[in-house]
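requesting a structural model of the entry that follows:
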Amino acid sequence: MQLIEAPSESVSARILEGGVRIPIQALIDIVTARQKGRSQALALGFSIADVTLIAAAISEVARNILDHAHSGEILLQPLERAGRRGLGIVARDQGPGIADVARAMQYGYSTRRGLGVGLPGAKWLVDDFELTSEVGRGTTVTMAKWLP
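Okay, the predicted model is just below:
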């Protein structure tokens with residue numbers, strides 16, 4: 001199953017079998033995405049600490065999908081790069097998009113009265129992070145966490 005169509009430059013890796021797609025349409029879907037992310041991370045051999053970081057990053061991007069686009073999906077995919085294994089996470093939607101990506105990536109900036117740590121926090125939790133967005137077309141966040 002090939003879920004991540006074209007890995008970005010920052011997350012360039014060989015895609016391995018065993019990916020999963022989780023539609024995000026309700027709060028319970030965030031829980032499902034976290035659980036599936038934890039399961040995949042554990043199966044790949046991540047430590048409990050790293051599994052917790054992965055689940056938190058998934059929560060942040062899934063919550064953004066619900067809050068801003070109302071629906072989308074999370075793709076989880078085992079990866080390999082330079083002999084290292086990892087977990088690829090793609091969150092994408094066809095929502096309103098982000099007009100100012102640089103501002104959205106600043107700690108403390110929020111459009112919904114939150115703390116403004118969602119996207120920058122997710123970036124901090126993973127090893128590779130890329131955000132692309134087009135106003136009126138949607139947003140894609142591509143992340144990877146690598147085994148040591």
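
can we go C-alpha only for contacts and neighbour counts from here?
Will do.

list the buried ones in stretch 59-72?
59-66, 68-72 (16 or more other Cα atoms under 10 Å).

nearest to Val141, of those residues?
Checking these against Val141 by Cα to Cα gives Val61 as the nearest, at 7.6 Å.

related to what we said a few turns ago, in a markdown table: the buried residues of stretch 59-72, plus secondary structure and distance to Asp127.
Output for those, formatted as a markdown table (DSSP: H, G, I helix; E, B strand; the rest coil; distance: Cα to Cα, whole Å):
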| residue | secondary structure | distance to Asp127 |
| --- | --- | --- |
| Ser59 | helix | 16 |
| Glu60 | helix | 15 |
| Val61 | helix | 15 |
| Ala62 | helix | 18 |
| Arg63 | helix | 20 |
| Asn64 | helix | 20 |
| Ile65 | helix | 21 |
| Leu66 | helix | 24 |
| His68 | helix | 25 |
| Ala69 | helix | 25 |
| His70 | coil | 27 |
| Ser71 | coil | 26 |
| Gly72 | strand | 23 |
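
nearest to Ala104 among those?
Nearest to Ala104 out of the buried residues of stretch 59-72 is Asn64 (Cα to Cα; 11.5 Å).

look up how far Arg21 lies from the closest one.
With distances taken as Cα to Cα, to the nearest Å, Asn64 is found 17 Å from Arg21.

again with Thr132
Thr132 is 19 Å from Arg21, where distance means Cα to Cα.
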